[in-house]
Every structure is written in structure tokens, then in C-alpha cells.
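Chemist: just coords:
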């Protein structure tokens, strides 16, 4: 069982549609990071959420950290083909070493023109 | 340009032949780590290092070794590679003593195939 569960695993949508990706855990995280990875490259950080209930916006992307710091979501408004990629959440779980980073299994997003 | 450099990018080798994947960063980061990425499993941490001469096991350390003799370098060593170590490997670095909470800077990956 993964410490961080992401859903859905795969998502294929048309350009202009909205979507939400979820990152859930039974453990509390001190912070959560969201990354996007494109083929042939390493993940690139999008945002870090730190406070329970926090909402951060990055253009058409909205990130939310759950009040209990056990879950997070990424909402994309009016998706574009350039949003295509693997979205990963990651964080240091409080019940484990704060020096260890745990990643979710990822959501592969495809936005069709 | 700030970057994490991994070499080689691709490697096909045979079971039992020792290999080393190098990782170097030019950002003076204290925290460095190695991950493997397999389909459906995301990234799993192999080893991490808080600073020079300080290394610790991650979630999947079996069959791997690391060393941190210099701050900029963090090589991953497979003493006797086996086919189940065929994977895509990433090195990452970040700033500071609480490195896992800081943004991670990743290399472009090393695709390893062990026959």
C-alpha cells in the first residue's frame, strides 16, 4: 500500500475541460509538494503547500491542502495540451523520518487538442 | 545554470557487472537523494544524504550503495546488478538541513536495463 495514493491514475480530456487530481493519505504530512514530469525529464516542482486548508494558485492551476494535512488536490481550469504530463504529489510524512520524501504513484494527464 | 547532472543517461548491461551512476549538482545543496521510477509505483527513494559523509537508507535500498565524499557528488553503485533493478533512476538535490521539505531539483534520469 502506498503512503500517498493518487487518483485517478490516468486521465484523458479535451482541451478546455476542467479536471481535479487527488492525493490522499492516512498519514499527516508536514507539507506537500506537487511536481509535473514530462517524458525524458525529471520532475519539476509546481508548488509546495504547508498549512492545513491552504489554497495556492498558479495561473489555471489551483492547489489545496486538506485541513488535517492528510490530503491535497490539484484543480486545472480550461486545460490545454501543454498541461499534458505526469503529476506527482510528494511530502515528508510526520510518522516517518522528516528527512525522507515519499511520492505518490502519479496521475498521467493527457489533454487532447 | 543551476543543474543536477546524471551520467550515463542510458545503460544496458548484464547481470553481475558492477556499475556506477554518477550525480553532480552545482547549487551547493546539502540534501541529495536517489530514486527509482517504475510504472504504477511513482518514485521510490533508494538512499538520501543530509550532507557530506552522512547517508541513510530510503524505502528500497537493497542492492544499492552510495557515498558522499564531496558535497556536490552522490554516486549510486550497483555492486552486482540484477534484472529487477532495471528501472529509470533519478538523482535530486535540495537546500538545507530539512532537505525533504524543500523543493527538489531533479536530474534528467538514467535509464538502466540489466539483462
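Modeler: Here it is on my side, so go on. Because the structure is predicted, anything quoted here is derived from the model rather than measured.
Chemist: what is the neighbour count of residue B:26?
Modeler: Residues lying near residue B:26 (other Cβ atoms under 10 Å in any protein chain shown) number 12. C-betas here are computed from N, CA, C, even on glycine.
Chemist: the lowest-mean-pLDDT helix or strand in chain A near chain B anywhere?
Modeler: Within chain A, no helix or strand scores below strand A:102-103, which has a mean of 90 by mean pLDDT, DSSP states H and E. Yes - applying Cβ under 8 Å from any Cβ of the partner chain, one finds strand A:102-103 in contact with chain B at A:102-103.
Chemist: now the element after that strand, going C-ward?
Modeler: Once the chain leaves strand A:102-103, the next helix or strand it forms, by DSSP states H and E, is strand A:107-112.
Chemist: bridged to residue A:14, which residues?
Modeler: residue A:112 (DSSP bridges).
Chemist: any residue of the one helix or strand residue A:75 maps to touching chain B?
Modeler: Element membership of residue A:75, judged by DSSP H and E, is strand A:71-76. No - figure legend: strand A:71-76 not in contact with chain B (Cβ under 8 Å from any Cβ); closest approach 14.7 Å.
Chemist: okay, the angle between that strand and strand A:107-112?
Modeler: Put simply, strand A:71-76 runs at 10 degrees to strand A:107-112, going by axes from the mean of the first three to the mean of the last three Cα atoms, to 10 degrees.
Chemist: and whatever helix or strand comes next after strand A:71-76, what does it pack against?
Modeler: Next along the chain after strand A:71-76, taking DSSP H and E as the criterion, comes strand A:85-91. Under the contact criterion of 3 or more Cβ pairs under 8 Å, 6 or more residues apart in numbering or on different chains; DSSP states H and E, strand A:85-91 touches strand A:5-7, strand A:32-37, strand A:71-76, strand A:102-103, strand A:107-112, strand B:42-51.
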